[in-house]
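>>> Need coordinates for the below:
(2 chains)
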Protein chains: 2
Amino acid sequence: MSARLDPWGHFAIEDYEKLLEEFGIRPINEVYGLMSRLHPYFTRRVVFGHRDFDKWLEDLRAGRRVAALTGFMPSGRPHLGTAMVYEELRFFQELGAHVKIAIADAEAYVVRREDRRSTILNGVDFIAHAIAWGLDPERTEFYFQTSMKEEYYRLIQMFSRKITMAEMEAIYGELSPGKIIASLTQAADILHLQLDSYGGFKNVLVPVGADQDPHLRLTRDIADRFEGELGLKRPGSIYHKLIRGLDGNKMSKSRPEFAIHLDDDEEVVRKKFVSALTGGRATAEEQRRLGGEPWKCTVYEMYLYHLLYDDEKLKEVYDDCVSGRILCGQCKRKALDLLLERIREHRRRYQEVKESNIVGKIVNIPSF
Amino acid sequence: MSARLDPWGHFAIEDYEKLLEEFGIRPINEVYGLMSRLHPYFTRRVVFGHRDFDKWLEDLRAGRRVAALTGFMPSGRPHLGTAMVYEELRFFQELGAHVKIAIADAEAYVVRREDRRSTILNGVDFIAHAIAWGLDPERTEFYFQTSMKEEYYRLIQMFSRKITMAEMEAIYGELSPGKIIASLTQAADILHLQLDSYGGFKNVLVPVGADQDPHLRLTRDIADRFEGELGLKRPGSIYHKLIRGLDGNKMSKSRPEFAIHLDDDEEVVRKKFVSALTGGRATAEEQRRLGGEPWKCTVYEMYLYHLLYDDEKLKEVYDDCVSGRILCGQCKRKALDLLLERIREHRRRYQEVKESNIVGKIVNIPSF
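Residues are numbered from 1 along each chain as shown, chains lettered A, B, ... in the order given. As a prediction, the model looks like this:
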């Protein structure tokens, strides 16, 4: 059976396999045996690759303190792509990892030139949604980059010593002082948890989209170069596919009309869903005869990533599609129902989070 | 009378006049009328130029709070060139300015690759010598860059947003991430005093050597660009000539054999002095006939900068030299006596400072 043709989303993995080979990212299935429990993201290869995740899992199994960290650029609104990262972190928290989330407001300031006020309000919103998605507010550390203490900033300064312009250019292309600072800030985000004053977590995992690997490579190089001086270790990382927007391209904050946001109104979701790209054939007759092509379908991707965690049920959808038993309209309605239920529940919890003002209580929110 | 031929050291000012014209540095004599008292450095044009020093002096005269700040790279040992800056700051403190001194240990770390332990010990020593030179330990703020708080570091990050690579390259030539961070750190040194949390001194004067103007220009540009956002104002600056080493080239930490250090032993000073470059002629006969050339003489420079603050006495030395009444040997012995007395007194005060451990009491010294 070709990689394209199975219900677990191995389709379109080819693009990612290049990444695996070229940069030494290891296939995720090699660590299955180390996990006490497999989230569907792993079995379905939504998370398809890793670096040093095996070491992290071994530390977790041995009862050593491990952490998972990621950062969000606080622009636009969280969507189903953002939620994939929430879900990964929620899972690692359940497994016993310490979870920390950075709001990249300094990066937004220096690189994106976002307005400071909306950056901070967006950041608060990304945190509220994370909690609504299921991250435990009592056990998750959230921080804004600009609220960090001097020791974190010192890291940025120190890292600059052992990185060359050529190395940075290879990753970021044309450089600016702002980009350089932003990339070193990101390295400080990933590595600061290893300092004693920030918990001394020597094994930190960073779940990222496949496009973020260059940052990880830079950060691993920095860790190597500061092993002696600061006792830093390379972070581990796992790589997930990028969820596509309803038009078939990457789901992005910059194209909100093709993204499902976690706080979209029911009517907005319904409307966006009408035009979702599917794997349907030109005519109903043809589709009944040849079956649909779920590996092309953005609606199937939603089942796969968010709507059906039950493998049996997912397989049913897949089989119904490829056999031609079900047409896109019916399948879309079913997905829409599941999605609306999910969003409705999420919005309810999000409202609770907002009303409780828990974010204000647990996070040091910078002033505008 | 040509600029070369007067006892007040206007000689060799030509090189500096280019600076004045080219970069809009104003001649120092235009502000004489604004000063309640003129230090010999001003009348002798050791300090030869300025930017916005007039505004600073007006604020001082009007009783508004003004500050003077400089930074020392903590490598090597303080010498007579360092002492010129101590002397300027001591004078401004006497006039009523708030004085703050940065120890550039972060810069030493990222750019100079100095060993951290010796950097910090050197920094402590630069502070001890400053106090021994006459800076009031009760009224002077000293700090190590790496001991600063997050607000100062945030400035570095913020500044990176509004500076381009081209602007930095124009100043620093080939760039590295370390150089970029170091130059933005220097801008933070100069500008942080304007923040409310650091005293809110809106008018800060930076006394520097003529070669440091590019940093000031960058910092002034940054101040302009953050006037709206942070309320920053351009710093003022004054420019002094660079004292020469005993071989006639710039006195430098990297060529200790030609520098007089503030803690040099008497025997060491005597020995270095033997080979000091003078403005003497080829033979005694010739010198008696033509007179010496004090504008070429490193010993005369010591009289001018450090050994004779009394203008009448300085004029005597000058006249004796150009008239051929005195030969170099005799003149050197006189300078050596004055210098040894000066150094002896300084070393005595330096010992007191060390024994009192006042540096440890007033400065937050970083750990190695």
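>>> Helices of the stretch 51-200 of chain A, residue ranges please.
Applying DSSP state H, counting those that start in this stretch to the stretch 51-200 of chain A gives helices spanning A:53-61, A:80-95, A:105-107, A:116-133, A:150-159, A:165-172, A:177-191.
>>> Would you convert those into JSON lines that also reports distance to B:Arg217?
All C-beta spots, glycine's among them, are computed from the backbone N, C-alpha and C. Compiled in JSON lines, the helices of the stretch 51-200 of chain A are given as follows (distance: least, CB to CB, whole Å):
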{"stretch": "helix A:53-61", "distance to B:Arg217": "49"}
{"stretch": "helix A:80-95", "distance to B:Arg217": "44"}
{"stretch": "helix A:105-107", "distance to B:Arg217": "26"}
{"stretch": "helix A:116-133", "distance to B:Arg217": "27"}
{"stretch": "helix A:150-159", "distance to B:Arg217": "23"}
{"stretch": "helix A:165-172", "distance to B:Arg217": "23"}
{"stretch": "helix A:177-191", "distance to B:Arg217": "16"}
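>>> Dump these to CSV, plus mean neighbour count and distance to B:Ala68.
What follows is the helices of the stretch 51-200 of chain A, written out as CSV (neighbours: other CB atoms under 10 Å in any protein chain shown; distance: least, CB to CB, whole Å):
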stretch, mean neighbour count, distance to B:Ala68
helix A:53-61, 19, 53
helix A:80-95, 21, 50
helix A:105-107, 27, 31
helix A:116-133, 22, 32
helix A:150-159, 23, 25
helix A:165-172, 14, 35
helix A:177-191, 25, 28
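>>> As CSV, these with distance to chain B and mean pLDDT would be great.
Listed next are the helices of the stretch 51-200 of chain A as CSV, based on distance: least, CB to the nearest CB, whole Å; pLDDT from 0 to 100:
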stretch, distance to chain B, mean pLDDT
helix A:53-61, 29, 97
helix A:80-95, 24, 97
helix A:105-107, 5, 93
helix A:116-133, 9, 96
helix A:150-159, 3, 93
helix A:165-172, 6, 90
helix A:177-191, 4, 95
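>>> Which one of those helices lies nearest to A:Val363?
With CB to CB, the closest approach to A:Val363 among these belongs to helix A:116-133: 6.0 Å.
>>> Output the contacting helices and strands for that closest one.
helix A:80-95, strand A:98-103, helix A:105-107, strand A:140-144, helix A:328-356, helix A:358-362 (3 or more CB pairs under 8 Å, 6 or more residues apart in numbering or on different chains; DSSP states H and E).
>>> per-stretch mean pLDDT over the ones you listed, give me the minimum one.
Confidence, taken as mean pLDDT, is least for helix A:105-107 of those (a mean of 93).
>>> what comes into contact with that helix?
A:71, A:73-74, A:116, A:119-120, A:123, A:144-146, A:182, A:185-186, A:366, B:154, B:157 (CB atoms under 8 Å, 6 or more residues apart in numbering or on different chains).
>>> for the helices of the stretch 51-200 of chain A, which one sits closest to B:His50?
Closest among the helices of the stretch 51-200 of chain A, once you apply CB to CB, is helix A:177-191, at 28.3 Å.
>>> In its sheet, which strands sit next to whichever helix or strand comes after that closest one, and in what direction?
Using DSSP states H and E, the next helix or strand after helix A:177-191 towards the C-terminus is strand A:203-209. Strands that pair with strand A:203-209, judged by DSSP bridges, come out as strand A:66-72 (parallel), strand A:236-240 (parallel).
>>> Compute the inter-axis angle for strand A:203-209 and strand A:98-103.
For strand A:203-209 against strand A:98-103, the angle by axes from the mean of the first three to the mean of the last three CA atoms, to 10 degrees is 50 degrees.
>>> CA-only coordinates of strand A:203-209 in PDB, if you can.
The C-alpha atoms that make up strand A:203-209 are tabulated as PDB, following Å, rounded to 0.1, in the frame of the first residue of the first chain:
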ATOM      1  CA  ASN A 203      15.500  18.100  28.800                       C
ATOM      2  CA  VAL A 204      13.100  20.400  27.000                       C
ATOM      3  CA  LEU A 205      11.000  19.400  24.000                       C
ATOM      4  CA  VAL A 206       9.800  21.900  21.500                       C
ATOM      5  CA  PRO A 207       6.800  20.900  19.300                       C
ATOM      6  CA  VAL A 208       6.900  22.900  16.100                       C
ATOM      7  CA  GLY A 209       5.600  23.000  12.600                       C
END
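>>> That one: what's the following helix or strand?
Elements were assigned by DSSP H and E; along the chain past strand A:203-209, the next helix or strand is helix A:213-225.
>>> Could you pull out the buried residues of that following helix?
The neighbour-count check on helix A:213-225 (16 or more other CB atoms under 10 Å in any protein chain shown) flags A:Asp213, A:His215, A:Leu216, A:Arg217, A:Leu218, A:Thr219, A:Arg220, A:Asp221, A:Ile222, A:Ala223, A:Arg225 as buried.
>>> For the helix or strand that it is followed by, which residues meet the burial criterion?
With elements assigned by DSSP H and E, the helix or strand that comes after helix A:213-225 is helix A:227-230. For helix A:227-230, a neighbour-count test (16+ other CB under 10 Å) marks A:Leu230 as buried.
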